[in-house]
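Visitor: sequence and predicted structure below; questions after.
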Amino acid sequence: MSSDLFKLASTIFPGGVNSPARAMKHLPNPFYVRSAEGAYLFTEDGEKLIDYCMGFGPLILGHRHPAVLRAVQNWLERDWLYGAPTKLEIDEARKIMDHVRSIEMIRFVSTGTEATMNAIRLARGFTGRKYIIKFEGNFHGSHDYVLVKAGSGAATWGTPTSAGVPDEAAKLTIVVPYNDLDALEKAMQERGDEVAAIIMEPIAANYGLIPPREGYVKEVKQLTEEHGTLLILDEVVTGFRVGLEGAQGLFGVKPDLTTLGKIIGGGFPIGAFGGSREIMKLVSPLGPVYNAGTFNAHPVSMVAGLATIKELEGEQAYAIANEAAKRLGEAIIDIGGRAGLDVWVNRVASMFQFYFTKKPVESTRDVAESNEKMYLKVHAEALKRGVYLAPSQYEVNFTSAAHDRDVVDYTIRALEESFKAIK
Ligand SMILES: Cc1ncc(COP(=O)(O)O)c(C=O)c1O
Ligand SMILES: N[C@H](C=O)CCC(=O)O
């Protein structure tokens, strides 16, 4: 049983988990997964759940997609780690660069955290400047440069600025509100010429989902150009999620550096940072900015990522996943209205989140002012009915190519009952 496993796990892992985002603070215990297939998770309690977490984003094709499974199985029949280069890493890099045209050179690492950490180090190495600017509620992984007013589990658990980050390090990270150009302009006027990089989630997906205001990402880019600052677009979530060219393609913005992760590993550990040749040639061993890793460009992640991107090139996967999120978003507004509840939905492509609030959600403050308790009540009710929503209003729901009409129809019925149950 999940409850027994959690009791045991709590004596072994802090909070019983290996990432706070998995802890589900509103439930006595998280469920434990035994297996997964398509849009479904199967738990140790014998339950079948429709999954809207999808590994926190990587599984855009669904669990255990046949093309990914075949590719990984074939590779594992051979072997799995060399500590030497493979043709696979060239194949995957070229595939990524065919689509994300701002990337002329790339370095694979093992996580999104390493990707953003190294991109920031590289920006500092390139510009010779110390400061970075990040946005409130944006999450870029769990390293010291960015664990300041962060989103995701850090927001869910009320520790947006982590203990243990030295003041000296935190002071180098200037935080401004997301979607507020005036605040950014002010920060850039004060310190712009000392800022190595602005790092941003082009679509904020770790404080719930907050789409950028129209033209905002372009305006941020413009500001960086005026001050000789680099723009790092953190596309760990949005890369290959909102389309083959990522959010930079959607908004027509060319960043200096891009960070990727999640989908490009097809469900296996991955991260990458890349950008113009001029900047990337500073990376070791070509240049003095050091990066290394035993598992960098892990062959299994390369194989799974390549299989995933090839599948996405077919466009069918995007069509199904986007349609599912669209229908769910529309249904939630309708269900909320009929239940007499004030609900707001944000959706971009196959990501969505809903909030109990009377006003549009355009900033982190709007999210924080939404009724989190009601969100968590719906979450718990939906779970009883076999639907696993994002476990916090600070995370987002992801759909996949496995979320077909039947899956969505079932979910809508379950949500209808869940909304009624919390009234
Ligand atoms: C936008 C963004 N950047 C970076 C990261 C860090 O990636 P990882 O969890 O692979 O370290 C995450 C997720 O955790 C993320 O959502
Ligand atoms: N929101 C995070 C990543 O995007 C959740 C991943 C985690 O912390 O386990």
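Guide: Yep, it's here. Ligands and ions are numbered 1, 2, ... in the order given.
Visitor: now the helix or strand in which residue 379 is found: buried residues?
Guide: In this assignment (DSSP states H and E), residue 379 forms part of helix 372-384. By neighbour count on 16 or more other Cβ atoms under 10 Å, the buried set for helix 372-384 is 372, 374-383. All C-beta spots, glycine's among them, are computed from the backbone N, C-alpha and C.
Visitor: and for stretch 187-200?
Guide: Buried, per 16+ other Cβ under 10 Å, within stretch 187-200: 187-188, 192, 195-200.
Visitor: can you check stretch 232-245 too?
Guide: 232-245.
Visitor: ditto for stretch 358-367
Guide: Residues of stretch 358-367 classed as buried by neighbour count (16+ other Cβ under 10 Å): 361-364, 366-367.
Visitor: and the one residue in the stretch 51-200 of the chain that gets nearest to ligand 1, what does it touch?
Guide: Among all residues of the stretch 51-200 of the chain, residue 112 sits closest to ligand 1, at 2.2 Å; criterion: Cβ to the nearest ligand atom. Listed by Cβ atoms under 8 Å, 6 or more residues apart in numbering, the contact set of residue 112 reads 140-141, 234, 236, 259-262, 271.
Visitor: so what are the domain limits for this structure?
Guide: 2-64+315-421, 66-313 (automatic domain parsing).
Visitor: could you dump the ones you listed into JSON lines and include mean pLDDT?
Guide: Formatted as JSON lines, the domains of the chain follow (pLDDT from 0 to 100):
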{"stretch": "domain 2-64+315-421", "mean pLDDT": "97"}
{"stretch": "domain 66-313", "mean pLDDT": "96"}
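Visitor: how far away is the residue positioned nearest the centre of the chain from residue 297?
Guide: What sits nearest the mean C-alpha location of the chain, by Cα atoms, centre = their mean, is residue 237, with 3.2 Å. Separation of residue 237 from residue 297 (Cβ to Cβ, to the nearest Å): 21 Å.
Visitor: ranges for the strands of this protein?
Guide: For the chain, strands defined by DSSP state E occupy the ranges 33-37, 40-43, 48-51, 105-109, 131-135, 173-176, 195-200, 230-234, 257-261, 271-275, 343-348, 351-356, 387-388, 397-398.
Visitor: can you add distance to residue 124 and give those back as JSON lines?
Guide: Converted to JSON lines, these look like this (distance: least, Cβ to Cβ, whole Å):
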{"stretch": "strand 33-37", "distance to residue 124": "40"}
{"stretch": "strand 40-43", "distance to residue 124": "41"}
{"stretch": "strand 48-51", "distance to residue 124": "39"}
{"stretch": "strand 105-109", "distance to residue 124": "16"}
{"stretch": "strand 131-135", "distance to residue 124": "8"}
{"stretch": "strand 173-176", "distance to residue 124": "12"}
{"stretch": "strand 195-200", "distance to residue 124": "5"}
{"stretch": "strand 230-234", "distance to residue 124": "9"}
{"stretch": "strand 257-261", "distance to residue 124": "12"}
{"stretch": "strand 271-275", "distance to residue 124": "13"}
{"stretch": "strand 343-348", "distance to residue 124": "31"}
{"stretch": "strand 351-356", "distance to residue 124": "31"}
{"stretch": "strand 387-388", "distance to residue 124": "40"}
{"stretch": "strand 397-398", "distance to residue 124": "32"}
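Visitor: would you reformat those as a markdown table and include distance to ligand 1?
Guide: Rendered in a markdown table, the data for the strands of the chain read as follows (distance: least, Cβ to the nearest ligand atom, whole Å):
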| stretch | distance to ligand 1 |
| --- | --- |
| strand 33-37 | 18 |
| strand 40-43 | 19 |
| strand 48-51 | 17 |
| strand 105-109 | 9 |
| strand 131-135 | 11 |
| strand 173-176 | 15 |
| strand 195-200 | 9 |
| strand 230-234 | 5 |
| strand 257-261 | 5 |
| strand 271-275 | 6 |
| strand 343-348 | 14 |
| strand 351-356 | 11 |
| strand 387-388 | 18 |
| strand 397-398 | 11 |
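Visitor: can you list the residues of the stretch 201-350 of the chain near ligand 2?
Guide: Applying Cβ under 6 Å from any ligand atom, we find that the stretch 201-350 of the chain lies next to ligand 2 at 206, 237.
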